[in-house]
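*Asks:* structure, please.
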Amino acid sequence: MTQVERGQGMPGSFTNQIVGLVRFSYPALNGFTRVPADLGDLRAQLYDPARLARRFHLFEHLTLPSLHAQTDADFQVLFVIGTDLPEPARDRLQAAIAPLVGARIVALEPMQHYQATQNAFAGRRDAGASHLTSFRLDDDDALDRGFIARLRATAAALVPIAADRPLVIGANRGFFLRQTPGGNELFDVVEKLPLGIGLAMVAPRASGENIFRRNHRLLPQFYRTFTDTETPAFIRAIHPDNDSEPHGSGVDHAMTEGQIAAAIAAHFPFTMAQLKSL
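*Replies:* You can find the predicted model right below:
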């Protein structure tokens, strides 16, 4: 079954559909922290040509290559945009994602953030799957090569614990790529709480829930949560266009330059030099 994994040796029938969601300058009516409340001002800021050029630069050189590099290609990604995203930007996005199997643009009118994600996922739910594993990714961050494969295996292992309710799978180890006046700084982090990058929810299809249900830092208060502190799973870009104020919540700068370079080469489709010059 395309895009669906059938579980083996589990009570009942477990079939898992994996779908990611990337918001690409979508003008949601809530959920922002550093943008105007007025919809007209919000659109003007999100669609500013200079800002869009910066977003595309990171998306095309960081986010998209990490999706292409997945060792398990059996997943979908939804790119949520506003219906009024300028046509040149929409055409460029469509061309960029065209080679990625399972990639789809979902154009929506402005609405509350969670409702928008619900609408996006609703249109892609597989009626033959017992569970939807939804994951989130920003358009300026990256996932490690083994993310989808590891997510699939982890979901299959954990679903027997809570097959009838949602559970969350996160990755707490990764790297921050910080833009500084003197050049990019790349350093390691191990977070105390899940970041939004690659954060996933395995939910019974009938529940209708997805990973955007609650703030990513609050998810362990409401759901059974598994976090991996072993695998370097993400690269988070830190730059002036970030909506939230990026900061680590755990251990950082514990690795040497050589260790970071080796980990990047082993887990991501980049070199340390490429990231520092991005």
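*Asks:* do you know the pLDDT at Gly128?
*Replies:* We have a pLDDT of 89 for Gly128.
*Asks:* what residues does whichever strand or helix holds Ala237 touch?
*Replies:* Here Ala237 sits within strand 234-238, counting by DSSP states H and E. Here strand 234-238 makes contact (CB atoms under 8 Å, 6 or more residues apart in numbering) with 58, 62, 66, 140-144, 171, 174-179, 189, 195, 197-198, 246, 268, 270, 275. The way it works is simple: take the backbone N, C-alpha and C, and place the C-beta from them, glycine included.
*Asks:* which ones among those map onto strands?
*Replies:* Among the contacts of strand 234-238, the ones falling in strands (DSSP state E) are 142-143, 171, 174-178, 189.
*Asks:* can you select the buried ones among the contacts of strand 234-238 for me in ChimeraX?
*Replies:* Only the buried entries of the contacts of strand 234-238 go into this ChimeraX selection, using 16 or more other CB atoms under 10 Å:
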select :58,62,66,140,141,142,143,144,171,174,175,176,177,189,195,197,198,268,270,275
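*Asks:* in the stretch 151-278 of the chain, what residue spans correspond to strands?
*Replies:* 167-171, 173-178, 185-190, 200-204, 224-228, 234-238, 251-252 (DSSP state E, counting those that start in this stretch).
*Asks:* typo on my end, the stretch 1-150 of the chain
*Replies:* 4-6, 15-23, 76-82, 103-108, 131-136, 142-143.
*Asks:* of these, which is nearest His239?
*Replies:* With CB to CB, the closest approach to His239 among the strands of the stretch 1-150 of the chain belongs to strand 142-143: 13.8 Å.
*Asks:* give me the sheet partners of that closest one and which way each runs.
*Replies:* Using DSSP bridges, strand 142-143 pairs in its sheet with strand 234-238 (antiparallel).
*Asks:* what mean pLDDT does the partner strand have?
*Replies:* Here the average pLDDT along strand 234-238 is 95.
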